[in-house]
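>>> Structural data only, the sequence is not supplied:
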């Protein structure tokens, strides 16, 4: 059984940084394209960032380009989302997702984590 467990969320002030982690078990992360999504209250999940199974390609939502970075450490079976210059609009529940041999583009998740809350407020 494939499981994705996020961590690293919390409450920060505008302009601060956070790094989210997603640990994968039950499957080697090197066979998965990985993504991050977020969900505002009462809204559907929206795409934030993704990385191809090879790590060679990354994609970002326009709203986070230049502020967020996605990376993977296959040795640790972990994917990260580095979030810089956070703003109140980044407040959401952040989900990690995996796609079998995903290229990162037009991400279609096969697996989901439970989510970690990020709150940005002064």
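Yes, it's here. Note that this is a predicted model, so its numbers are computed, not measured.
>>> so residue 55 makes contact with residue 72?
Yes - Residue 55 lies in contact with residue 72 (CB atoms under 8 Å); the separation is 5.5 Å. (Each C-beta comes from the backbone N, C-alpha and C, glycine too.)
>>> out of those two, which sits in the more crowded spot?
Each of residue 55 and residue 72 has its neighbours counted (other CB atoms under 10 Å); residue 72 has more, 23 against 18.
>>> Give me the helices and strands touching whichever strand or helix holds the more buried one, please.
If you go by DSSP states H and E, residue 72 is part of strand 68-73. With contacts defined as 3 or more CB pairs under 8 Å, 6 or more residues apart in numbering; DSSP states H and E, strand 68-73 has these neighbours: strand 32-39, strand 46-51, strand 58-60, strand 78-83.
>>> Go ahead and flag the most central residue of the chain.
The centre of the chain sits closest to residue 36, judged by CA atoms, centre = their mean, with a distance of 2.6 Å.
>>> Might one say that it is in contact with residue 94?
Yes - at 6.1 Å, residue 36 counts as touching residue 94 under the criterion of CB under 8 Å.
>>> quick one: average confidence on stretch 110-120?
Averaging pLDDT along stretch 110-120 yields 97.
>>> what comes up buried for that stretch?
Burial within stretch 110-120, assessed by neighbour count using 16 or more other CB atoms under 10 Å, is assigned to 111-113, 115-116, 118, 120.
>>> any idea how far that stretch is from the chain center?
8 Å (CA atoms, centre = their mean, to the nearest Å).
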